[in-house]
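Chemist: curious how this folds, go ahead:
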Amino acid sequence: MERQDVIILGGGLVGLTLGIALSKHGIRAAVIDPADPQAVLAAGFDGRASAVASAPWRMLDSIGVGELLAGKGCPIDAISVQDGLSPEALMFEPPADDGALGHMFENRDLRIALDTAARAAEGLTLFRPLRPVDVRRDLDGVAVTLSDGRIVEGALLIGAEGRQSPTREAAGITVARWSYGHVAMITGIVHDKPHGNVAYEIFYPSGPFAILPLIDGPEGEHRSAIVWTVSAKDAPAMLGLPDRAWQAEAAKRMGALLGDFRLASPRSSYPLGFHHAARITDTRLALVGDAAHGIHPIAGQGVNLGYRDVAALTEVLVEGMRLGLDPGDAQLLARYQRWRSLDSFMVAASTDGLTRLFGVPGRAARTVRRIGLGAVQRLGPLKGRFMAEARGETGKLPKLLEGLAI
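Modeler: Numbers count the residues shown, from 1 in each chain. Take a look at the predicted model:
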């Protein structure tokens, strides 16, 4: 029988980060995940990359993960938003002394750093690869029976298994969800021109085309990741194209931004949808990351929303336990619910609105969008608000997102 303060189901980017953050503050935590770490950490670039906004980056740095990512991330010094290849672009570019808007990492590098930090963390127990075969929650506590027969007991259960969270479903939590009728195609490229640490978000009626800067490769080659959104009805044909034909179609949407390029990783894809849990807590239960909310990748805020959850929940639990409260106390969960529900909904709603706005076809809609981009470019306060959102610095920030100790 294992006894923990907190049991985390799901050892992805968000679940492991939460486990590390809690253990750094003296809270005993267990992470249970069915994935084999060796398979997840296998060598090779698969084209998947994540933008870590500046506020979550401060948290990763403060819990000891940042030093393990030194030299692995590409700073995002500017974000260019444009309607097609129109010269009318909205450029988010903070002052030089204000730091980068975020950093782009290959997902594999993030996973390796988190795995290394988690293995070294005192008070963090990893059960991998193991499945929870029975989960019991009641007013007195939580008990999880693992696929190897062991039982882990705790005071609080965290659902961090992603969009299809069985923990959320078992709790009977209602979820608002819809499909965008879009598929995101992902790959990595090597290109002639340097990207200048600029991320491009190019909007087309069929969906956004994002070019995300990565650090140069070992031979000095310039690299970026592509997230290309197409309608679901066109996706089978696009995904079925040979690499050369697919690359030619991508070149039409990139223009001459990065010069000639070639694919540097396998292509992959996933359907795009929106979901938002009506509540993120239940009896001795809290949801984090995609288990709580899933948004369109249009603004690169998916994993950052999860990191905001981690920072808020860690602060709530640490402060509550210092007062002598049980980590599963209903007062603490109510505080987490209040703190995160509005912020996550506002981010989700804004990304959904952008997706719909830029998806309206026709010349008139295109003209309105370009006028709007120009207006935001000229209005300092509004542009500043957008940059703060990109950094993950809106709303009441948890201490970890400010780089402060709890």
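
Chemist: tell me which strands the lengthiest strand in the chain pairs with, and in which orientation.
Modeler: Criterion DSSP state E: the longest strand present in the chain is strand 175-191. Strands that pair with strand 175-191, judged by DSSP bridges, come out as strand 222-231 (antiparallel), strand 261-263 (antiparallel), strand 268-277 (antiparallel).

Chemist: deepest-packed of those strands, please.
Modeler: Highest mean neighbour count among these (mean count of other Cβ atoms under 10 Å): strand 222-231, with a mean of 22. All C-beta atoms are positioned from the backbone trio N, CA, C, and that covers glycine.

Chemist: how far is that one from where the chain is centred?
Modeler: Taking Cα atoms, centre = their mean, to the nearest Å, one finds strand 222-231 lying 16 Å from the centre of the chain it belongs to.

Chemist: all strands for the stretch 151-300 of the chain, in order.
Modeler: Remark: strands assigned in the stretch 151-300 of the chain by DSSP state E, counting those that start in this stretch are 151-154, 156-159, 175-191, 198-204, 207-214, 222-231, 261-263, 268-277, 281-282, 285-287, 293-294.

Chemist: who wins for proximity to residue 79 among these?
Modeler: strand 198-204 (4.8 Å; Cβ to Cβ).

Chemist: for the closest one, give the mean pLDDT please.
Modeler: Regarding strand 198-204, the rounded mean pLDDT is 89.

Chemist: now the end-to-end length of stretch 207-221.
Modeler: Between the opening and closing residues of stretch 207-221 there is a gap of 28 Å (Cα to Cα, to the nearest Å).

Chemist: do the same with stretch 124-132
Modeler: Using Cα to Cα, first and last residues of stretch 124-132 are 17 Å apart.

Chemist: can you check stretch 323-335 too?
Modeler: 14 Å.

Chemist: pull out the buried residues from it.
Modeler: 325-329, 332-333, 335 (16 or more other Cβ atoms under 10 Å).

Chemist: which one of the residues you listed is nearest residue 274?
Modeler: The closest of these to residue 274 turns out to be residue 333 (Cβ to Cβ; 24.7 Å).

Chemist: show me the contacts for the closest one.
Modeler: By Cβ atoms under 8 Å, 6 or more residues apart in numbering, the residues touching residue 333 are 281, 284-286.

Chemist: on that earlier part again, so which of the strands paired with strand 175-191 comes closest to residue 17?
Modeler: Evaluated over the strands paired with strand 175-191, closeness to residue 17 peaks at strand 268-277, with 19.5 Å, by Cβ to Cβ.

Chemist: coming back round to it: so which of the strands of the stretch 151-300 of the chain comes closest to residue 20?
Modeler: Between those, strand 156-159 lies closest to residue 20; by Cβ to Cβ that is 13.1 Å.

Chemist: what does the closest one contact?
Modeler: Against strand 156-159 from outside (Cβ under 8 Å, 6+ apart): 5-10, 15, 18, 135, 137, 142, 144, 165, 167-168, 171, 284-288, 291-292, 313, 317, 327-328.
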